[in-house]
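> Predicted model follows, preceded by the sequence.
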Amino acid sequence: MDPIFSVIIPAFNEEEVITESYKRLTQVMSGVGESYELIFVDDGSRDKTASILAEICQKDKSVKCIRFSRNFGHMPAITAGMDYARGEAVLVIDADLQDPPELFPEMIAKWREGFDVVYGQRKERQGETAFKKWTAAMYYRFLRSMTQVEIPVDTGEFRLISRKVCDAMRRLPEKNRYIRGLVSWVGFRQTAVGYVREKRFAGQTKYPLTKMFKFAMDGITAFSYKPLKWAAVLGGVISLLSFLYLAFAFCRWIFTSAAAPGWGGVVLFFQGIVLMAIGLMGEYIGRVFEESKDRPIYIVQEVLNGD
Ligand code: UDP
Ligand code: MG
């Protein structure tokens with residue numbers, strides 16, 4: 001029999017927290033009083049995460065574990081969870097307990113009221129650097145200003161989605177899966193519950209700055225091509241200004257035979273802008289290339305307690 005609830009927990013090198021997350025999730029979900037499955041997705045962990053999960057799976061048959069052949073990333077891990085989930089409602093939560101599982105009953109209540117997406121919205125973030133808080137806050141507002149899709153600010157992957165939304169998500173063939181954006185794109189009735197994001201239970205963030213930057217670019221490129229338009233507009237404005245400057249320099253040379261100052265600097269400056277625009281195009285073209293190869297989003301090495 002299919003369970004009513006599926007909980008997806010992506011985990012990459014989370015040996016310090018995984019036992020505790022299992023405990024807290026089991027406590028919350030058994031309190032709900034309906035059948036459930038916990039789906040841990042081990043995203044190619046190189047620590048003891050895999051063996052800890054294997055032990056848990058042996059004892060508890062409501063826990064499934066999907067183990068990837070290598071580290072594919074947070075979004076592919078959640079995608080796999082959605083592919084394997086059988087519940088009527090699917091919940092997603094990070095392994096590190098930054099998002100409180102105790103909020104699930106509230107999300108479930110909203111789902112029972114008829115909402116298809118209930119996302120957790122961070123009212124406050126604890127135990128994160130000022131830099132991360134500030135860049136995140138700026139980023140979500142910037143992203144919202146760039147897209148037609150209403151992507152709510154200050155949300156992560158902590159949410160409940162209904163079976164309908166899960167099926168709709170699975171029909172999206174794209175490989176670059178900026179899930180929080182795709183869920184908004186899919187539509188249906190959506191609502192938020194507010195919460196305080198706590199600090200990690202243990203361990204380090206698995207999102208170093210380079211990954212964070214790539215992730216930010218994924219979000220922008222997947223939902224907007226405005227940056228490309230800006231490059232064109234900027235190019236137009238600069239051409240016009242350069243033309244005016246050229247006319248000025250030419251007149252000055254005719255009438256006073258003074259050469260225009262600072263040419264080298266001006267040329268370098270504009271070449272920098274041209275290279276930036278090409279780089280920006282590269283961000284898009286690289287992603288088109290990734291999509292066109294049509295490789296699978298993830299490769300599964302083994303599934304524990306699968307059917
Ligand atoms: N994660 C993953 N694969 C990765 C990176 C992260 O499955 O390549 C998982 C990680 O184990 C955690 C969640 O994604 O459950 C969020 O990662 P993290 O807490 O490190 O990010 P932060 O909260 O610092 O942004
Ligand atoms: Mg975290």
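Perfect, I can see it now. Ligands and ions are numbered 1, 2, ... in the order given.
> and the stretch 201-307 of the chain, which of its residues are near ligand 1?
Contact residues (Cβ under 6 Å from any ligand atom) of the stretch 201-307 of the chain with ligand 1: 205-207. In this view, the C-beta of every residue, glycine as well, is placed from N, C-alpha and C.
> Reformat these as a markdown table; add pLDDT, distance to E283 and neighbour count.
Listed next are those as a markdown table, based on pLDDT from 0 to 100; distance: Cβ to Cβ, whole Å; neighbours: other Cβ atoms under 10 Å:
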| residue | pLDDT | distance to E283 | neighbour count |
| --- | --- | --- | --- |
| T205 | 83 | 24 | 14 |
| K206 | 82 | 23 | 20 |
| Y207 | 82 | 19 | 14 |
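> Which ones among these also lie next to ligand 2?
Counting by Cβ under 5 Å from the ion, nothing from these sits close to ligand 2.
> now, which of these sits nearest ligand 2?
Using Cβ to the ion, T205 is the member of these that lies nearest ligand 2, at 5.9 Å.
> Could you check how far the closest one is from Q98?
9 Å (Cβ to Cβ, to the nearest Å).
> In the stretch 201-307 of the chain, mark out all the strands, start to finish.
All strands of the stretch 201-307 of the chain, identified by DSSP state E, counting those that start in this stretch, fall at 300-304.
> Quick one: low-confidence residue ranges for this protein.
Applying pLDDT under 70 to the chain flags the ranges 259-265.
> any idea how far the most centrally placed residue in it is from V233?
Nearest to the mean C-alpha position of the chain, by Cα atoms, centre = their mean, lies Y178 at 4.6 Å. Going from Y178 to V233 by Cβ to Cβ gives 25 Å.
> For K226, the count of nearby residues, please.
Residues within reach of K226, counting by other Cβ atoms under 10 Å, total 13.
> actually K293, sorry about that
7.
> cool, L304 as well?
Neighbour count for L304, taken as other Cβ under 10 Å: 17.
> Show me the beta-bridge partners of it.
C65 (DSSP bridges).
> how far away is it from D47?
L304 sits 17 Å away from D47, taking Cβ to Cβ as the criterion.
> And for K226?
Taking Cβ to Cβ, one finds K226 at 41 Å from D47.
> right, and G194 touches Y119 too?
No. Look at G194 against Y119 with Cβ atoms under 8 Å: they stay out of range, at 10.3 Å.
> Neighbour count: the two, which is higher?
Y119 (23 against 12).
> Check which helix or strand that one maps to.
In the assignment (DSSP states H and E), Y119 maps to strand 117-125.
> Which residues does that strand contact?
For strand 117-125, the external contacting residues (Cβ atoms under 8 Å, 6 or more residues apart in numbering) are 99, 103, 107, 110-111, 132-133, 136, 152-156, 158-162, 165, 180, 183, 186, 188-197.
> Does ligand 2 have contacts with the helix or strand just after that strand?
Remark: after strand 117-125, the chain's next helix or strand is helix 130-146, criterion DSSP H and E. No. For helix 130-146, no contact with ligand 2 is found by Cβ under 5 Å from the ion; the gap never falls below 10.3 Å.
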